[in-house]
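Trainee: Model the following, please.
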Amino acid sequence: MKCTLTAAVLTVILAGCSAFRPAVGDPVARDESIKKTEAVEADPVKMNDKIIVTREKKSAHADKISFSISDLEVVEKNNGVLISLNYKGDDPGSNISTFFSGDSFFNISFYKGKFSDSIKNYVYNKSVVRSVKFFEFGDSVQITLRLKKDYNSSNITSGKGKIIISVFN
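Mentor: From the prediction side, this is the model:
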């Protein structure tokens, strides 16, 4: 009975509070000095019949990098191009994506990855690759290759410290 009464009182209070909204143009609604607070995880043993609030997980930041990419090599094959890279750390298989962006550009993105210093010293084979650019973002890195020929398909495999990307038609 006490729980039902408490729930009914909370429902009435919440319904009544929903009517109080700041008017448009009210300076309080635009006040930047209002501080936001974060909910703290409550101990369920001490809560009895009270509402339990849990902390929301935040997305991974750059300090959560799980692997490092090194040793870029691009080789032309009969039916396309073979790109190989080495990595140290966690297997990046599910954190790699590739896409074509027109005019023979091929992009490889590594979420939660970083480049080792040695990868930026890559000397490419000009009969296969026109240019190579390396991009570093907060939580990911990207390699953009401008290939000599246009391709439209790619396949990624990774394991045991090696990433192999096949680019073909």
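Trainee: residue ranges with poor pLDDT in this structure?
Mentor: Applying pLDDT under 70 to the chain picks out residues 1-63.
Trainee: Next, please give the residue ranges for the strands of it.
Mentor: For the chain, the strands defined by DSSP state E occupy 67-77, 80-89, 96-100, 105-111, 113-115, 129-136, 140-147, 153-159, 162-168.
Trainee: need those in a markdown table with mean neighbour count, can you?
Mentor: In short, each C-beta sits where N, CA and C put it, glycine included. As requested, the strands of the chain are exported to a markdown table (neighbours: other Cβ atoms under 10 Å):
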| stretch | mean neighbour count |
| --- | --- |
| strand 67-77 | 17 |
| strand 80-89 | 18 |
| strand 96-100 | 15 |
| strand 105-111 | 19 |
| strand 113-115 | 19 |
| strand 129-136 | 14 |
| strand 140-147 | 19 |
| strand 153-159 | 13 |
| strand 162-168 | 18 |
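Trainee: Nearest approach to residue 122 belongs to which of those?
Mentor: Closest approach to residue 122 among the strands of the chain is made by strand 67-77 (4.5 Å; Cβ to Cβ).
Trainee: for that closest one, packing partners?
Mentor: On a contact count with 3 or more Cβ pairs under 8 Å, 6 or more residues apart in numbering; DSSP states H and E, strand 67-77 meets strand 80-89, strand 113-115, strand 140-147.
Trainee: contacting residues around the first one?
Mentor: What that stands for is strand 80-89. 65-76, 108, 113, 116, 119, 128, 145, 147, 151, 158, 161-169 (Cβ atoms under 8 Å, 6 or more residues apart in numbering).
Trainee: and if you look at the last one?
Mentor: If you take Cβ under 8 Å, 6+ apart as the criterion, strand 140-147 is touched by 69, 72, 74, 81, 83, 101, 103-115, 128-135, 167.
Trainee: same check, this time on the second one
Mentor: Contacts with strand 113-115, where a contact means Cβ under 8 Å, 6+ apart, come from 65-70, 87, 92, 95, 134, 136, 140-141.
Trainee: Between all of those residues, which two are separated the most?
Mentor: The two members of these with the most space between them (Cβ to Cβ) are 66 and 134, at 18.8 Å.
Trainee: what about the closest residue to residue 149 other than its chain neighbours, neighbour count?
Mentor: Spatially, and ignoring its direct neighbours in sequence, residue 149 is nearest to residue 104 (6.7 Å; Cβ to Cβ, 6 or more residues apart in numbering). If you count neighbours by other Cβ atoms under 10 Å, residue 104 ends up with 16.
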